[in-house]
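**Q** I'd like to go over a predicted model; first the sequence, then the structure.
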Amino acid sequence: MDPHLLRTYVTVARLASFSEAARELGYTQSAVSQHIAALEQDLGAALLTRRPVAPTTAGERLLEHAGPLLLRLDAARADVLRMAAAPAHGLTLATTPTALGAGPLDALPAAGLTLRILARADIPAAVATGTADLGLLDGLAAPSDPLRLPDVAPLTTHGVAEEPVAVLLPATHPLARRTGLRLADLADARWIDAPDTALPLAQLRTANGGGAFRPALRYEGTDLRTLTALTAAGHGLALLPRRACAGVPGTAAIALTHPRVVHRTELVHAGTPAGAAAELIRTLTVGA
């Protein structure tokens with residue numbers, strides 16, 4: 001299967017338009033049509049309906065495979081280029097807002113750094129494809145257990161830090177005076193679904209062994225102040241690293257007593273880092 005044809009197919013399916021795909025890819029519309037026809041002939045199946053432009057059942061199945069396949073190809077290309085390229089000046093670090101604890105912040109180089117705040121799911125791909133030199137990932141885990149990463153490419157991880165988690169709720173909430181809370185007792189509470197800022201609700205369900213954890217509001221941003229303001233205003237609860245809850249006006253941060261889980265931060269990279277990337281790895285992993 002020709003990856004160039006596959007990229008064209010994915011673009012047409014995403015944009016639902018041959019002409020828009022041609023414009024984005026820099027091809028003629030005729031070339032895009034030829035790519036799709038060649039791919040359909042290769043696979044022996046119709047992949048798109050034409051009016052409207054939409055994936056067929058076979059096309060939907062191909063899309064499920066296409067993303068990981070193309071990402072692997074991009075990662076392989078980046079890995080080879082990384083080995084052949086001259087040492088780069090500067091460092092690009094992809095991270096989530098909650099992964100930047102006191103340790104990582106203190107270790108950042110004084111100059112030459114590009115800090116890129118990304119969604120959790122996008123960080124491994126950014127590192128694998130070379131758009132970031134290093135990534136800082138975080139999530140909910142049992143003490144000393146590694147985070148589960150998507151299989152996008154051969155990546156190396158280093159544990160950086162673990163810290164307690166707390167439930168952030170409005171100061172007027174009936175549970176705000178508690179000294180500790182069990183996750184199971186909060187399964188039916190109103191939660192804010194903020195997958196790129198708070199600890200994701202899917203991780204709460206996994207840690208609890210099930211439960212609803214239904215969102216009352218979804219926040220698709222990466223600004224911690226916005227999330228904590230939403231919590232203070234009564235829009236729902238959030239589970240955060242304890243340091244991120246400290247001193248937030250109008251809220252109470254209650255320790256999570258069960259299950260025994262921590263907020264874990266890991267550094268991820270591809271290949272063999274050198275220069276500023278290698279130095280940051282050494283600094284962050286000393287004693288971790």
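**A** That came through fine.
**Q** where do the strands sit along the stretch 51-200 of the chain?
**A** Listed in chain order, the strands of the stretch 51-200 of the chain (DSSP state E, counting those that start in this stretch) span 53-55, 91-95, 113-117, 134-141, 156-163, 165-170, 180-182, 191-193.
**Q** wait, which of those strands is closest to Ala246?
**A** Closest approach to Ala246 among those is made by strand 165-170 (9.0 Å; CB to CB). Where C-beta positions appear, they are placed from N, C-alpha and C, glycine not excepted.
**Q** look up how far Val165 lies from Thr257.
**A** Distance, Thr257 to Val165, by CB to CB, to the nearest Å: 11 Å.
**Q** of these two, who's got more company?
**A** It is Val165, of Thr257 and Val165, that has more neighbours when counted by other CB atoms under 10 Å, with 23 against 13.
**Q** Leu93 against Leu134, yeah?
**A** Yes - if you go by CB atoms under 8 Å, Leu93 and Leu134 touch, sitting 5.1 Å apart.
**Q** need the overlap of contacts for the two.
**A** Both Leu93 and Leu134 are in contact with Leu280, where contact means CB atoms under 8 Å, 6 or more residues apart in numbering.
**Q** so which bits of the biggest helix by length in the chain are buried?
**A** Counting by DSSP state H, the longest helix found in the chain is helix 57-84. Residues of helix 57-84 classed as buried by neighbour count (16 or more other CB atoms under 10 Å): Gly59, Leu62, Leu63, Ala66, Leu71, Arg72, Asp74, Ala75, Ala78, Asp79, Arg82.
**Q** then stretch 34-43?
**A** His35, Ile36, Leu39, Glu40.
**Q** kindly list the main-chain dihedrals of the first one?
**A** I take that to be His35. When read as degrees, to the nearest 10, the backbone of His35 gives phi -60, psi -50.
**Q** now it: closest residue in space that isn't a chain neighbour?
**A** Closest residue to His35 apart from its sequence neighbours, by CB to CB, 6 or more residues apart in numbering: Thr8 at 4.0 Å.
**Q** one more: the third one?
**A** With CB to CB, 6+ apart as the measure, Leu5 is the residue that lies nearest to Leu39, at 4.2 Å, once sequence neighbours are left out.
**Q** hang on, the earlier thing: state the pLDDT value of the residue nearest to His35.
**A** For Thr8, the pLDDT comes out at 92.
**Q** name the element it belongs to?
**A** Element membership of Thr8, judged by DSSP states H and E, is helix 3-15.
**Q** show me what counts as buried in that helix.
**A** For helix 3-15, by 16+ other CB under 10 Å, it's Leu5, Leu6, Arg7, Thr8, Tyr9, Val10, Thr11, Val12, Ala13, Leu15.
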